[in-house]
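# fold the following and give me the result.
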Amino acid sequence: QWRSFEAEKTSIFDRIIQTIGQAIETQDNNEVLAYWLSNASTLLLLLQRTLKASGAAGAPPNRRPSATLFGRMTQSFRGTPQGVNISLIAGETTGASNTLQQVEAKYPALLFKQQLTAYVEKIYGMIRDNLKKDISPLLGLCIQAPRISRANLLKGNAVALASAASQDILIAHWQGIVNNIGCFLNMLKSNNVPPFLVRKIFTQIFSFINVQLFNSLLLRRECCSFSNGEYVKAGLSELEQWCYKATE
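All right, here's what the predicted structure looks like:
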């Protein structure tokens, strides 16, 4: 289909864009969104490396690459992105160099590239916002330590067991956040979402957690106590341990 990129008129790009648009109508299906984020971003990277503007009149105005997330994405890759075999995509034979021939793109192809960029950015935002929605209710419970009556803690014959049980109750909400982001990371990996995008999503998610916790403490003065501080500190330690394990 490389000749389509050099054609003055073609409907293939419209069909691709329409297919992506229909597929992501269900905005809360993260598996579907991750699948299309993976495929669309890989295709976009390929186009970034192979298309060159023909200089024809009527070409869509170029957006500055560094001004968008995915302009920075293409600039961040020094070599071939993980999981993308450039030589196979280009249809090259064994022994060929790992480079792609530049294609002089006409207006339909250049417009398709811009539409694809917009869709990748949209899907990325949908996935990030879905994760925020999942963890937001739990974050509200992670500010103030649950109150456990002394009578409940001392039930049974072993005070040590009661103490361990109380710790589990205190940390349960934080573990819920860890479980959420852990499942989310596995889902992104299983759909081969580019590592750069995965890192970007989690960087923004941790910034979101940071802002939410800080603002909540400012607004709820009753939570600014030593015991609640220890509770938040213990929860953040859970997140830190997950980060170490996730990056091993």
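# may I ask which helix or strand encompasses residue 183?
Following DSSP states H and E, one finds residue 183 within helix 159-190.
# who are the packing partners of the helix or strand just after that helix?
Next in sequence after helix 159-190, counting helices and strands by DSSP H and E, comes helix 195-219. The contact analysis (3 or more CB pairs under 8 Å, 6 or more residues apart in numbering; DSSP states H and E) places helix 195-219 against helix 69-76, helix 107-141, helix 159-190, helix 226-246. In short, each C-beta sits where N, CA and C put it, glycine included.
# deepest of these, which one?
helix 107-141 (a mean of 18; mean count of other CB atoms under 10 Å).
# and it, what does it pack onto?
helix 12-23, helix 30-50, strand 51-53, helix 69-76, helix 159-190, helix 195-219.
# let's see it at 6 Å
helix 12-23, helix 30-50, helix 159-190, helix 195-219 (3 or more CB pairs under 6 Å, 6 or more residues apart in numbering; DSSP states H and E).
# got those as JSON lines, with mean pLDDT and distance to residue 122 columns?
JSON lines is the format used below for these (pLDDT from 0 to 100; distance: least, CB to CB, whole Å):
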{"stretch": "helix 12-23", "mean pLDDT": "92", "distance to residue 122": "9"}
{"stretch": "helix 30-50", "mean pLDDT": "93", "distance to residue 122": "10"}
{"stretch": "helix 159-190", "mean pLDDT": "78", "distance to residue 122": "17"}
{"stretch": "helix 195-219", "mean pLDDT": "92", "distance to residue 122": "13"}
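# out of those, nearest to residue 238?
helix 159-190 (4.7 Å; CB to CB).
# format the helices and strands packed on helix 195-219 as CSV; extra columns: distance to residue 200.
Shown next, in CSV, are those (distance: least, CB to CB, whole Å):
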stretch, distance to residue 200
helix 69-76, 7
helix 107-141, 8
helix 159-190, 11
helix 226-246, 15
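# of the ones you listed, which is nearest residue 25?
When the helices and strands packed on helix 195-219 are compared (using CB to CB), the closest one is helix 107-141, at 10.8 Å.
# averaged pLDDT, the closest one. What do you get?
For helix 107-141, the mean per-residue pLDDT is 92.
# got the angle between it and helix 195-219?
Interaxial angle, helix 107-141 versus helix 195-219 (axes from the mean of the first three to the mean of the last three CA atoms, to 10 degrees): 40 degrees.
# coming back round to it: any chance of the helices and strands packed on helix 107-141 in TSV, plus distance to residue 117?
What follows is those, written out as TSV (distance: least, CB to CB, whole Å):
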stretch	distance to residue 117
helix 12-23	11
helix 30-50	6
helix 159-190	20
helix 195-219	13
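# for residue 232, find the nearest of those.
helix 195-219 (6.7 Å).
# pull out the buried positions in the closest one.
196-198, 200-202, 204-205, 208-209, 212-213, 216-217 (16 or more other CB atoms under 10 Å).
# out of those residues, who's nearest residue 15?
Distance ranking of the buried residues of helix 195-219 against residue 15, using CB to CB, places residue 197 first at 25.0 Å.
# list the contacts for the closest one?
By CB atoms under 6 Å, 6 or more residues apart in numbering, the contact set of residue 197 is empty.
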